[in-house]
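Novice: pasting the structure only:
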């Protein structure tokens, strides 16, 4: 074999090594990013208080201000999730990504419950198609999502006011 053949062989070997290392790097970067995006906060970030005929009811909740955060937080029916929106909305709600049925309260900017609906779970179909939509028929700024029957069990109805405070903050 001539000297240029050896160099060509080393060159091809170095190129193969560079491709392997960069591919491995992309793989691990993807794994790290994917793992962090699937992480569910282990503790709620706030507490909601709602006056009901049975007294004041408190519920720890995860607060989300970005509707796209649904992609980042696994929706679990045993956790309360409070969604807040910058602008008034009248969009329908869906059970996409839910594991269990939920009850959803639609609130105005002051926290008054405008409507309550039960939502059935819908496993994540391809591109979000095929999940039933539930139109609340009201313009809302917040949504409180809890396990199905939670509001009914506590006799909480439209007109009740939801107060939110950071977890650990004293009641006013």
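Specialist: Done, it's in. Keep in mind that this is a model prediction, so the values were computed, not measured.
Novice: Correct me if wrong, but residue 10 is in a helix.
Specialist: Yes - Residue 10: assigned to a helix according to DSSP: H, G, I helix; E, B strand; the rest coil.
Novice: domain parsing for this structure?
Specialist: 1-39, 46-166 (automatic domain parsing).
Novice: Those: lowest mean pLDDT?
Specialist: When the domains of the chain are compared on mean pLDDT, domain 1-39 scores lowest, with a mean of 58.
Novice: now the strands for the chain?
Specialist: Secondary structure of the chain by DSSP state E: the strands cover 46-52, 55-64, 80-89, 93-94, 102-107, 113-119, 133-134, 140-147, 162-166.
Novice: packing partners for the fourth one?
Specialist: Yep, that's strand 93-94 we're talking about. strand 113-119, strand 133-134 (3 or more Cβ pairs under 8 Å, 6 or more residues apart in numbering; DSSP states H and E). For the C-beta atoms, the positions are set from N, CA and C on the backbone; glycine is no exception.
Novice: out of the ones you listed, nearest to residue 163?
Specialist: Ranking the helices and strands packed on strand 93-94 by proximity to residue 163 (Cβ to Cβ) places strand 113-119 first, at 11.8 Å.
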